[in-house]
Structures are given as C-alpha cells and as structure tokens.
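Colleague: Need coordinates for the following:
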Amino acid sequence: MSDIHRILTAQEIMTTDLVTLDPEMSIFKAIRTLVGHEISGAPVVDQGGALLGVLSELDCLRILSSDEFYAGQQEEAGTVKHFMTGAGRTIPPELGIYAIAHYFLTLPIRRLPVVDEGVLIGLVSRRDVLVGIETMARERAYSSPPADLIGLARSWSAIKDR
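Modeller: Down below sits the predicted model:
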C-alpha cells in the first residue's frame, strides 16, 4: 500500500531527456530544433551544463522585429543568446508539486528548470505537473483508507452491515 499523503517532488516529475541549446547557435537553427522536436522551448546551457537561459517560442517570434531579418541577412540575424530569456526562476529537485503548481499559477511561465549545484538536471513543465497530479490521485484511489475512517463511514451510512 502506498502513502496516500506522499507529495511528489520536481525530481520525480521532471523530464530529464532534454533538448538543450548552445548560446552561440544561430537563432534559425534553434527554431528548426524546436520545430523539429515539436517543443515550445528549450534550456540554453554552457559547456558545463550550467543554465544560462531559456529560448521559448515567444522569444523566437522576436526575430520578426529584427532589422537583420528585413535586411535579408537572415543567417546573421543573431544567435540564441541574443533572443533567449535569462535563467530566471529555477527550482531544486526536492521542491514539492504544490509549490511547483503555485509558480505556474502565479507566473507567466510554461517550464521550470530544475537545477542542482548549479547544473541543469531536468525541466518541469505544466504538463509534468498534470501527470504528477494524476499519479497522486491514482495512488490515493488505490490506497485503502485507515480502519478508523472505514468505521466512521459505516456509522454514517444508511446501509448497515448485518
């Protein structure tokens, strides 16, 4: 029987098979990477795996306001580091799902990088939290309630055991 009060952590719900981007990568190559992997954003990391920022679809849309784009210098329109959003909010691997959900409810973000000792180890998206909620609900549904609650429920029931 599982613990019905267990709270999942970032480490338990995070995605670890990440597509990461190099800050010196061409913005157009980065856009092809996002589109090719069908993802809405990716972390930008240095050679040592330290998080530098995140490149999202919204960041990529900024290319349309770039002078280089209209001047026909599309491959020279910049690199990922010119368009990414800085590292911003990160979370530790032991952070609970309720706190993670709070960030998503109060901040205009879709993903939270999970960082341990300065190194990116995973990413939690809104969808990961939904999967975590479903997992916790399933664990609670399959766990039997304590005996004292069963007795209380029977005492309130209109149908009595005979």
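Colleague: Output the longest helix belonging to the protein.
Modeller: Ranked by number of residues, the top helix in the chain under DSSP state H is helix 126-142.
Colleague: State the mean pLDDT of that one.
Modeller: Average pLDDT, helix 126-142: 91.
Colleague: switch to numbering from 111
Modeller: Sure, I'll start counting at 111 from here, so that last one is helix 236-252.
Colleague: I'd say Thr125 and Ile231 touch.
Modeller: No. Contact criterion Cβ atoms under 8 Å: Thr125 and Ile231 do not qualify, at 10.5 Å. Heads up, the C-betas are built off the backbone N, CA and C, glycines and all.
Colleague: Next one: Arg250 from Pro202, what distance?
Modeller: Distance, Arg250 to Pro202, using Cβ to Cβ, to the nearest Å: 25 Å.
Colleague: pLDDT weak spots in this protein?
Modeller: Counting by pLDDT under 70, the chain shows low-confidence ranges at 111-114, 176-187, 254-272.
Colleague: Please, where are all the strands along it?
Modeller: Along the chain, counting by DSSP state E, strands occupy 151-155, 161-166, 195-196, 221-226, 229-235.
Colleague: which helices and strands does the shortest one pack with?
Modeller: By that I understand strand 195-196. strand 161-166 (3 or more Cβ pairs under 8 Å, 6 or more residues apart in numbering; DSSP states H and E).
Colleague: and the angle from the strand it packs on to strand 229-235?
Modeller: Here strand 161-166 runs at 30 degrees with respect to strand 229-235, directions being taken by axes from the mean of the first three to the mean of the last three Cα atoms, to 10 degrees.
Colleague: can you list contacts of strand 161-166?
Modeller: Strand 161-166 is contacted from outside by 131, 133, 140, 144, 150-156, 190-191, 193-198, 200, 220-221, 223, 225, 229-230, using Cβ atoms under 8 Å, 6 or more residues apart in numbering.
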